[in-house]
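**Q** my questions concern the predicted model and sequence given below.
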Protein chains: 2
Amino acid sequence: MTTVSTSEANAKPPSAREKLIGAAVKVVREKGFNATSVDELCREAGVTKGAFFHHFPSKTDLGVAAAEAWKLHANDLFGHAPYMACEDPLDRFLGYLEFRRNMLDGPVPEFTCLAGTMVQESYETLPTLREACQDSIWGHALTLVPDIEAARDKHGVDGDWTSESLALHTQAVLQGAFILAKATNGAAAARDSADHLIRYVRMLFRLPATRP
Amino acid sequence: MTTVSTSEANAKPPSAREKLIGAAVKVVREKGFNATSVDELCREAGVTKGAFFHHFPSKTDLGVAAAEAWKLHANDLFGHAPYMACEDPLDRFLGYLEFRRNMLDGPVPEFTCLAGTMVQESYETLPTLREACQDSIWGHALTLVPDIEAARDKHGVDGDWTSESLALHTQAVLQGAFILAKATNGAAAARDSADHLIRYVRMLFRLPATRP
DNA sequence: ATAAACATACCGACCAGTTGGTATGTGTCA
DNA sequence: TGACACATACCAACTGGTCGGTATGTTTAT
């Protein structure tokens, strides 16, 4: 769960670059981007400061690389999750939502979103990082669109909303749930919010409010 | 809009303490808590560093005071908004949601939430600030509970959810919408997400999906 | 007179980033 | 095959500047 590697069982030992990205994903989710120093990232990665600036022109550039790695990690994780075997696109979408809801457990830094955390600290001050975070969030959200679209076709659901906006809304609810979790240092309120999201989607697709 | 004073037209000139809190609300929403230096807060407030540490033992304590002021500001603003004149509690709740949706406009730092921003940077490192942010968010969310509860009674709506969880869910959606806005440097995705929230609440209370 | 409300000057710690290197390849041409 | 040219990966020490916070004033209201 803590690793970010996209391919399973990469034989080669991790390079300094990969170790630094892994350290950034871990530490930045705990303390935020600005509060994490380059020295701390090097310590966590077991790498020297010289190696850091050999691979990344600046601390911001490591943030950008970490956001990119985070997107690949997410799309790999959710793209291969069990519910992806469902035939009905609506089952896949609901499976995704249930899966994410059930991930809201354990220590808060282990289920929160790197890109959502970083963008709050960078959106006005570090344009390249803001853009990388947008790409990370959107690049994951948009993977849901084809299933939502197919589910609407199959179940004859229309309405005054786009499939893309619903995909982004799911990310908004999750990002907001992470904030509630951080505020309470626990996941209970976040789970309740995810339950409301699932209830909403089920109502949109005219399913009974709760699972059988 | 940028002022945080709770009472309208306070005659007295603002003290250094009030000016520092106002500066914190403004600058921290733009740059985040960690990226905002004490010197910058003093410059923004037009106050010296000696005055800062006369009123606040530490930078964190200013954050705590700002979170408290933010809660009072929000409850004053929304407690006196036009929709509060509605007789039906459901109209008040929906009025609140529409009001918040329509606030998602203009520059991003002007509609985002101070407490949501600060808690992301402090939840693991500054416990007192985390707690103040929780109090700020919860202290506002819970003002919605009586209307939601009364609306459920009046319209005979039950279901597998509590009024408190729905009040918190509205805050989660808004907080998540703020993150989408920050990621895009614009409010469009945030408004779409707020629209989904309004649609959800209308469905919960068996209203037509869109306003007449 | 006295105490609170400020202001100025300063401190040690820490920060991101630079410097000037070494060790280990890797391609290439005699 | 071997030796030279060059590139990549990494390292330890250092720098200029900024950080949160302090020490010691001065002003102002009562």
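**A** Happy to help now that I have it.

**Q** now do the contacts for the residue most central in space within chain A.
**A** Most central in chain A under CA atoms, centre = their mean is A:Cys113, positioned 4.7 Å from the mean C-alpha point. When contacts are counted by CB atoms under 8 Å, 6 or more residues apart in numbering or on different chains, A:Cys113 is found next to A:Arg29, A:Trp70, A:Ile137, A:Leu174, A:Gln175, A:Phe178. In this view, the C-beta of every residue, glycine as well, is placed from N, C-alpha and C.

**Q** pLDDT score for it?
**A** Note on A:Cys113: pLDDT of 98.

**Q** could you do the one 5 residues further on as well?
**A** As predicted, A:Met118 sits at a pLDDT of 96.

**Q** which residue is the nearest non-sequential neighbour of it?
**A** By the measure of CB to CB, 6 or more residues apart in numbering or on different chains, the closest residue to A:Met118 outside its immediate chain neighbours is A:Phe33, 4.9 Å from it.

**Q** doesn't A:Thr125 make contact with that neighbour?
**A** No. Using CB atoms under 8 Å, A:Phe33 is not in contact with A:Thr125, being 10.2 Å away.

**Q** what about those two, which has more around it?
**A** A direct count of neighbours by other CB atoms under 10 Å in any protein chain shown for A:Phe33 and A:Thr125 places A:Phe33 higher, at 29 against 14.

**Q** all helices of chain A, in order?
**A** For chain A, helices defined by DSSP state H occupy the ranges A:16-31, A:38-45, A:49-55, A:59-79, A:89-103, A:114-122, A:127-141, A:145-155, A:163-184, A:188-204.

**Q** using CSV, write out every CA atom in the longest one.
**A** What that stands for is helix A:163-184. Once side chains and other backbone atoms are set aside, the C-alpha atoms of helix A:163-184 remain, and they are given as CSV (Å, rounded to 0.1, in the frame of the first residue of the first chain):
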residue,chain,number,x,y,z
SER,A,163,-20.9,12.3,-16.9
GLU,A,164,-17.6,14.2,-16.6
SER,A,165,-19.1,16.4,-13.9
LEU,A,166,-20.3,13.4,-11.9
ALA,A,167,-16.8,11.8,-12.2
LEU,A,168,-15.3,15.1,-10.9
HIS,A,169,-18.0,15.3,-8.2
THR,A,170,-16.9,11.9,-6.8
GLN,A,171,-13.4,13.3,-6.5
ALA,A,172,-14.7,16.4,-4.8
VAL,A,173,-16.6,14.4,-2.2
LEU,A,174,-13.5,12.2,-1.5
GLN,A,175,-11.2,15.2,-1.3
GLY,A,176,-13.7,16.9,1.1
ALA,A,177,-14.0,13.7,3.1
PHE,A,178,-10.2,13.7,3.5
ILE,A,179,-10.4,17.1,5.0
LEU,A,180,-13.0,16.0,7.5
ALA,A,181,-10.8,13.1,8.3
LYS,A,182,-7.8,15.3,8.8
ALA,A,183,-9.8,17.7,11.0
THR,A,184,-10.9,14.9,13.3
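
**Q** count of residues packed around the residue nearest to A:Asp91 when sequence neighbours are not counted?
**A** Taking CB to CB, 6+ apart as the measure, A:Asp91 lies nearest to A:Tyr83, with 7.0 Å between them; neighbours along the chain are not counted. A count of neighbours around A:Tyr83, defined by other CB under 10 Å, yields 15.
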